[in-house]
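Participant: Kindly return the folded structure for what I paste below:
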Amino acid sequence: MCTLKPAVLGTLLLLGLIVFQSPARSETLDRNAILEMLAASQFDALDRRLSEIDDQANAQVRPEADLTRAFNAFATSDPTVVTQLDRWVTERPNSGMALVARGANRFHLLQITRYAETFRAADENFARDLKVKERDAFVDAQKGLGIKEMNPVGFVWSLQLFIDWGQPEGVEKWYRIAINDLPASPAIHRAYLSSYTPWRQAGASWQDSLVRLKEITESFQKGFGRDPDFAWLAGYLDYVKGETYRLDGQPAEAVKNFDAALAASDDVEYRLGRARAYLALGDGKMAESDFTQILSTDPYFGPAVHGRALAKESLGRTTEALADLDQAVALDPLNPLYLTDRARMLRKLDRIPEARQDIDNALRFGGNDAWVQVWRGAIYESVDAKTSSEAFRQAVALAPADPVYLKRYADFLLRQEDCSAIGVTARYGEICQSGGNCGDQPYRLESAAAALKRKLSCAG
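Facilitator: So this is what the prediction gives:
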């Protein structure tokens, strides 16, 4: 199957048998309430309320998921939220809640910058800027923990950054520090487990990765199996298998494993994975059902709103899909994935000026993603061939071995009757011959390129 990231090795801390009482739920502060307080600069009130949720979660009188959901409110690219978080930290520099909240926001901005596997920091200045932003997110999390050391959210972001950096020693170090302070935090243990998933390891087969992950999961189940906040453990291995198959382009096998995961534990992440696998299978109806069920418990969960839009689009309900994308963009206004998909749909509806605005806004965090650039090329083609050509060229530069982007660029150049199409078509054919799985498309493009060469007497 697939192996994608550096192997993460280390020694698991042994966990003793711990018996937990079921936590009692209390009123949760929802996303809108949190952001309204932030917008009104009610920083003292935010500090008190978030600290209260933190303390209650640590004392196990409320689910830790309530705390995670509260801080997820700050995971948005909304510029007004970014500005207010900076103000909160400036005015309350000793607020652990403010620092962790801004760290959560900064980490989210990093995530949406690198949302696709095709991401490549082709520009050196951009790559340096990205490293600075990663450091800033980490510093916020660490400063926040220095003030409020019992906040699992800060530990999770710290672990996640070391995982993304491919630094297993850092993962092990911060995991040990984290569980020393919060030994029963499901979020911390889950973040640690994620470092052993096959798509985060290279140099080891996916089977070997799953064997190691199984050992760790079983150890966790011995220690935390009776804690309702760890109910997700029962389905975790099946979820990882499902996600591995999904990422490897085997959605039917993925669905089978997600079914098993959900039978063991009805977890949002497992249902999200199955919904995406259904989309890949072309089963929009089942995908929509899963996405809708997720939103019934968390209406602000952007990935599910966006996913449901794609499911509705696959069912031919473009107007409804666009409404969902409007909601997704409202939650995360500069998310390049949401903006690009809304731009696609607006183009389909021949609303080109609006589509251009969305795709231009997507460049803020998605300029180094081939998916954004190829759709910018498609959207601009009818109004600005020069901008369109540059966008297609940039898409190919960002993903030079992906035949999808080469084909899009070649098609554009052929439509423009540009002799450059001959070279791009030849490169496309080479990639396809080396295993690109292109079907009969190379022959079609080669025939079109040969006709263009004869018509324009192109050299080469």
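
Participant: Leaving out the residues flanking it, which one is nearest to R246?
Facilitator: A254 (3.9 Å; C-beta to C-beta, 6 or more residues apart in numbering). In short, each C-beta sits where N, CA and C put it, glycine included.

Participant: Contact partners for the one you found?
Facilitator: 242-243, 245-246, 273-274, 277, 280 (C-beta atoms under 8 Å, 6 or more residues apart in numbering).

Participant: In terms of helices and strands, where is it?
Facilitator: Assigned by DSSP states H and E, A254 belongs to helix 251-264.

Participant: quick one: buried residues of that helix?
Facilitator: Neighbour counts over helix 251-264 (16 or more other C-beta atoms under 10 Å) mark 251, 253-262, 264 as buried.

Participant: Can you give me the distance of the residue nearest to R246 to D238?
Facilitator: 10 Å (C-beta to C-beta, to the nearest Å).

Participant: which strands and helices sit next to the lowest-mean-pLDDT helix or strand in the chain?
Facilitator: When the helices and strands of the chain are scored by mean pLDDT, DSSP states H and E, helix 124-147 comes last with a mean of 86. Where contact means 3 or more C-beta pairs under 8 Å, 6 or more residues apart in numbering; DSSP states H and E, helix 124-147 is packed against helix 96-113, helix 152-165.

Participant: and of those helices, who's closest to D332?
Facilitator: Evaluated with C-beta to C-beta, these place helix 96-113 nearest to D332, the distance being 7.2 Å.

Participant: shaky segments in the stretch 201-350 of the chain?
Facilitator: The stretch 201-350 of the chain contains residues with pLDDT under 70 at 202-203.

Participant: can you rerun that using 90?
Facilitator: 201-210, 225, 228 (pLDDT under 90).

Participant: Would you state the helices of it in chain order?
Facilitator: Taking DSSP state H, counting those that start in this stretch as the test, the helices found in the stretch 201-350 of the chain are 206-224, 233-247, 251-264, 268-281, 284-297, 302-314, 318-331, 336-348.

Participant: Near D283, how many residues? Count them for me, please.
Facilitator: As a burial measure, D283 scores 18 neighbours (other C-beta atoms under 10 Å).

Participant: same deal with the one 10 residues further on?
Facilitator: Using other C-beta under 10 Å, Q293 has 14 neighbouring residues.

Participant: if I read this right, it contacts R271, doesn't it?
Facilitator: Yes - contact criterion C-beta atoms under 8 Å: Q293 and R271 qualify, at 6.4 Å.

Participant: got any residues that touch both of those two?
Facilitator: By C-beta under 8 Å, 6+ apart, no residue touches both Q293 and R271.

Participant: Against K133, how distant is D369?
Facilitator: With C-beta to C-beta as the criterion, D369 and K133 are 16 Å apart.

Participant: err, P403, not the other one
Facilitator: P403 sits at a distance of 32 Å from K133 (criterion: C-beta to C-beta).

Participant: These two: which is more packed in?
Facilitator: P403 (22 against 15).

Participant: quick revisit: mind listing what's buried along the least confident helix or strand of the chain?
Facilitator: Buried-residue list, helix 124-147, by 16+ other C-beta under 10 Å: 130, 134, 136-138, 140-145, 147.

Participant: just stretch 282-297 next, same as before
Facilitator: 283-284, 286-291, 294-295.

Participant: For E430, pull up the helix or strand it's in.
Facilitator: helix 421-431.

Participant: what's the answer for T83, then?
Facilitator: helix 79-91.

Participant: and that helix, what does it pack onto?
Facilitator: helix 31-39, helix 43-58, helix 96-113.

Participant: angle of the first one against helix 43-58?
Facilitator: In this case it means helix 31-39. 140 degrees (axes from the mean of the first three to the mean of the last three C-alpha atoms, to 10 degrees).

Participant: tell me which residues in helix 31-39 are buried?
Facilitator: Neighbour-count burial for helix 31-39 [16+ other C-beta under 10 Å]: 31, 34-35, 37-38.

Participant: How about residues contacting that helix?
Facilitator: 45-46, 49, 69-70, 72-74, 80-81, 84-85, 88, 300.

Participant: Any of the contacts of A254 buried? List them.
Facilitator: Here, 16+ other C-beta under 10 Å leaves 242-243, 245-246, 273-274, 277, 280 buried among the contacts of A254.

Participant: Turn those into JSON lines, including distance to A101.
Facilitator: Shown next, in JSON lines, are the buried ones among the contacts of A254 (distance: C-beta to C-beta, whole Å):
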{"residue": "G242", "distance to A101": "32"}
{"residue": "E243", "distance to A101": "29"}
{"residue": "Y245", "distance to A101": "36"}
{"residue": "R246", "distance to A101": "32"}
{"residue": "G273", "distance to A101": "28"}
{"residue": "R274", "distance to A101": "31"}
{"residue": "A277", "distance to A101": "33"}
{"residue": "A280", "distance to A101": "35"}
